[in-house]
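**Student:** the following block contains a protein sequence and its predicted model.
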Amino acid sequence: MAWFKKTKETKTDKKVKTQEGLWVKCDSCKEIIYKKEIDRNLKVCPKCNYHFRIRARDRLKLLIDEGSATELDSDLMSGDPLDFKDITPYKERLKENQKKSGLHESAISVDALIEGHAVSLVIMDFSFMGGSMGSVVGEKVSRAAEQALEKKQPLIIVSSSGGARMQEGIFSLMQMAKTSAAIGRLKDNGIPYISVLCDPTFGGVTASFAMLGDIIIAEPKSLIGFAGPRVIEQTIKQQLPEDFQRAEFLLEHGLIDIVVNRKDLKRTLARLIEFLS
């Protein structure tokens, strides 16, 4: 009868401990990848070439000559003209994002060198309220354009944004016209403007300065558009292509000029500046 008795297995309470943050799941191919491998590859997936979102200051280090940056308008901070409140009052939301990101706003503006070429450079940071464009972002972009005009040097804007900031209402929407007019003055005076689109670039940013570049560059597989694909499908009652609004789709249909890997972006910008100048 012993043949039919289950032998009691000894169980141990020991659990294998794994250190958090060692692995990253790619948003595109869904592969699990060692985080240090991603970091070594400039936050680019080695399996599918998906470009992860990176912070503005990290991107700044990748693009400019070391030690050449002078930050501009760093003291500008958003007010609360509408006394806006949703789940969290706008003033509190700003403080939370400033603490989390270490930035005063969702864009930084610098005067810097790219392979020896003087440029005015604005970089948006999606981690700060989705890179939304409020009055301060519009002011920084406009001032950078004015400085580029004054110094006769190229303007480069790296966009990563969900669009206009709803907490500032019409004040935010006004920045679309304001920034477009400032960039228009560059064109009138023959000053080059290069727009770099990163994942994601949407809404009022796409509808204004992001798509006004003399040359428009995008990182691979970046989502770029005005409204999201779900909204468009519901509006036109049609299914969209699988790669709709991806950088490669926009390149194929003539909406952007070139798709450039992150590791090649600095050199590409330098060559374009040489050509345009």
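**Tutor:** That came through fine.

**Student:** enumerate every residue touching residue 169.
**Tutor:** Counting by CB atoms under 8 Å, 6 or more residues apart in numbering, residue 169 touches 81, 82, 84. Quick note: C-beta positions are derived from backbone N, CA and C, even for glycine.

**Student:** what mean pLDDT does the host helix or strand of it get?
**Tutor:** Per DSSP states H and E, residue 169 falls inside helix 169-188. Averaged across helix 169-188, pLDDT comes to 97.

**Student:** same thing with stretch 84-93?
**Tutor:** 94.

**Student:** in it, what's buried?
**Tutor:** For stretch 84-93, burial by neighbour count (16 or more other CB atoms under 10 Å) applies to 90, 93.

**Student:** and the contacts of that stretch?
**Tutor:** Contacts for stretch 84-93 (CB under 8 Å, 6+ apart): 80, 82, 83, 96, 129, 167, 168, 169.

**Student:** and those, which are buried?
**Tutor:** Buried among those (16+ other CB under 10 Å): 129, 167, 168.

**Student:** the second one and residue 88, how far apart?
**Tutor:** Going back to what we said before, that points to residue 167. Distance, residue 167 to residue 88, using CB to CB, to the nearest Å: 10 Å.

**Student:** quick check, residue 43 in contact with residue 51.
**Tutor:** Yes - between residue 43 and residue 51 a contact is recorded at 7.0 Å, counting by CB atoms under 8 Å.

**Student:** okay, the residue positioned nearest the centre of the chain: pLDDT?
**Tutor:** Taking CA atoms, centre = their mean, the centroid of the chain lies closest to residue 160, which sits 2.3 Å from it. For residue 160, the pLDDT comes out at 97.

**Student:** list the contacts of it.
**Tutor:** 53, 124, 125, 126, 131, 198, 199, 200, 201.

**Student:** which residues touch the closest residue to the fifth one other than its chain neighbours?
**Tutor:** Spelled out, that is residue 131. Counting by CB to CB, 6 or more residues apart in numbering, the nearest residue to residue 131 once its immediate chain neighbours are dropped is residue 161, at 3.6 Å. Taking CB under 8 Å, 6+ apart as the criterion, residue 161 is in contact with 106, 124, 126, 130-133, 200-203, 205, 210.

**Student:** among those, which are located in helices?
**Tutor:** 203, 205 (DSSP state H).

**Student:** highest neighbour count among the contacts of residue 161?
**Tutor:** Compared across the contacts of residue 161, residue 133 has the highest neighbour count, 33 neighbours, by other CB atoms under 10 Å.

**Student:** hang on, that one packs against residue 206?
**Tutor:** No - using CB under 8 Å, residue 133 is not in contact with residue 206; the gap is 10.4 Å.

**Student:** where does pLDDT dip in the protein?
**Tutor:** Scanning the chain with the threshold set as pLDDT under 70 gives 1-20.

**Student:** show me where it has its strands.
**Tutor:** 23-25, 32-34, 70-72, 107-114, 117-124, 155-161, 193-201, 215-218, 258-259 (DSSP state E).

**Student:** beta partners of residue 85?
**Tutor:** residue 89 (DSSP bridges).

**Student:** from now on call the first residue 16
**Tutor:** New numbering, starting at 16: the last item is residue 100.
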